[in-house]
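Engineer: Make a model of this:
(one chain, ligands or ions: 2)
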Amino acid sequence: VSDTAPRRVAVFGATGSIGASALDVIARHPDRYRASVLAAGRQVEALVALCVQHRPDHAVIADDTLFAALRDGLRDAGLPTRAHAGAAALDQLAASAECDTLVAAIVGAAGLSSTLAAATAGKRILLANKESLVLAGELLMRQAAGAGAEIIPIDSEHSAIFQCLRSRDASLEGAGVRRILLTASGGPFRGRSRAELGQVTPAQAVAHPKWSMGPKISVDSATLMNKGLEVIEAHHLFGAPGERIEVLVHPQSLVHSLVEFVDGSTLAQMGLPDMRTTLAVGLGWPQRIESGVGGLDLLTQGRLDFEAPDNDAFPCLGLAWQAMAAGGTAPAILNAANEVAVSAFLQGKVAFLAIPALVANALSTLSVESADTLAVLLAADQRARLITQAAIDHA
Ligand code: NAD
Ligand code: MG
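Structural biologist: Ligands and ions are numbered 1, 2, ... in the order given. The predicted structure follows:
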């Protein structure tokens, strides 16, 4: 039992998959953590239900047309929780004294602004929203370093690397790192050829063999764009140049990633595929806390396999490498085009293989600029959304 007041944790994306895992771990440690702010995009009823359970001081619904619904829902439940709405309220609360830690688990570029606000305010950020690093990695890392904000990755691979390095503080050179090996499950379509991917449906794409996740990241896992985004994420988080990062398909999803050192030693982090472990690492770091996840029984699991990714069937991974090498606004274009394409795929408007085609189209159509300011990055994000939507509408 700690002798100080519990750390106040804001959970943004509370109604999502990461949000649920975060709240599960927080609720196991009432003496150490308290969910003080809960935020969601549009799911008012689910947000009110979480408020009944976790009794935060503040609740935010990003869609401001839903303010009255949230306010009335909280009142009808007899809660003292204050209602807020809109993106500006997210930024304000993320930076405010109402939280010490932010679980940044909004999906997509929509999560950037509040993550930047928390970074500028010097918070501990448990960063699940990898899209914000892909869109504005340099800016976000610079802002965090300048304000003394602590960014702890909430992505199983990056948490694995973080644990193998035992921090993010040392440079890769200083830590004696030769290579970072990111593992990938391969997703639900591992082993299929490009031709076999033509007819796959959204329901098949979101049925991930190992992880239970939100719809967008599930599709990203099926196209391998998720691994592409993660390569860019690792580049920013650990200051790793592209030539020091490798991707390895590991279908069992038990080795979450590996770090190879200059002396020939390779460290791996292992565990069951359950994000509560990752969230417990982030909440407790540098201490270890209970997460509700059991240990790994290697005798039951039996074997660990590794294979190279199939770049022909899954061109998104190559597109991400290409965008990272181009630098500037290219990753922002990649990310925005992918968000629009995945949303259209989930709505049944385009085929699975249109996702890489639409992303490639945006990257080849839009010119890459140097990404010095947030305004330049957001403008590139907007242009990529517009031309991708136009390509979908005119197909
Ligand atoms: P999800 O779809 O389950 O949840 C998304 C959450 O974001 C919901 O609470 C939703 O209300 C909220 N949201 C959506 N749009 C918003 C907006 N405009 N403003 C505010 N809130 C908004 O997604 P998820 O699987 O929990 O993933 C969340 C993030 O974590 C993603 O960036 C994903 O890549 C990353 N991540 C997830 C996992 C996982 O296991 N689920 C693993 C690693 C990384
Ligand atoms: Mg991951």
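Engineer: Now do the same contact list for residue 309.
Structural biologist: Contacts for residue 309 (CB atoms under 8 Å, 6 or more residues apart in numbering) come out as 184, 186, 224, 227, 247-249, 317. Using the backbone N, CA and C atoms, a C-beta is placed for each residue, glycine as well.
Engineer: For the residue nearest to residue 339 when sequence neighbours are not counted, grab the count of nearby residues.
Structural biologist: The spatially closest residue to residue 339, leaving aside those adjacent along the chain, is residue 108, at 5.2 Å (CB to CB, 6 or more residues apart in numbering). Residue 108 sits with 22 neighbouring residues when counted by other CB atoms under 10 Å.
Engineer: one step back: emit the PyMOL select command for whichever of the contacts of residue 309 are buried.
Structural biologist: In PyMOL syntax, the buried subset of these is picked out as below (16 or more other CB atoms under 10 Å):
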select buried, resi 184+186+224+227+247+248+249+317
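Engineer: tell me which of the contacts of residue 309 is nearest to residue 98?
Structural biologist: Closest approach between the contacts of residue 309 and residue 98, by CB to CB: residue 227, at 35.5 Å.
Engineer: and the closest one, that's in a helix?
Structural biologist: Yes: in this structure, residue 227 lies within a helix as judged by DSSP: H, G, I helix; E, B strand; the rest coil.
Engineer: Which single residue of the protein ends up nearest ligand 1?
Structural biologist: The minimum distance from the chain to ligand 1, using CB to the nearest ligand atom, falls at residue 16 (2.0 Å).
Engineer: how about that residue, what does it touch?
Structural biologist: Here residue 16 is in contact with 40, 105-107, 214 (CB under 8 Å, 6+ apart).
Engineer: Near ligand 1, list only the ones from those residues.
Structural biologist: Applying CB under 6 Å from any ligand atom, the subset of the contacts of residue 16 adjacent to ligand 1 comprises 40, 105-107, 214.
Engineer: Of these, which belong to strands?
Structural biologist: Judged by DSSP state E, the subset of the ones next to ligand 1 among the contacts of residue 16 located in strands is residue 40.
Engineer: Ramachandran angles for the residue of the chain closest to ligand 1?
Structural biologist: Note on residue 16: backbone dihedrals following degrees, to the nearest 10 are phi -90, psi -170.
Engineer: how close does it get to residue 129?
Structural biologist: 10 Å (CB to CB, to the nearest Å).
Engineer: and what of residue 238?
Structural biologist: 17 Å.
Engineer: More neighbours: which of the two?
Structural biologist: Between residue 238 and residue 129, counted using other CB under 10 Å, the more crowded position is residue 129 (29 against 22).
Engineer: residues touching that one, list them.
Structural biologist: 13, 104-108, 111-112, 115.
Engineer: Next, count neighbours for the nearest residue to it once chain neighbours are set aside.
Structural biologist: Nearest non-adjacent residue to residue 129, counting by CB to CB, 6+ apart: residue 111, 3.6 Å away. Counted by other CB under 10 Å, the residues lying close to residue 111 total 22.
Engineer: Would you agree residue 111 is in contact with residue 131?
Structural biologist: Yes: Residue 111 is within contact range of residue 131, at 6.4 Å (criterion: CB atoms under 8 Å).
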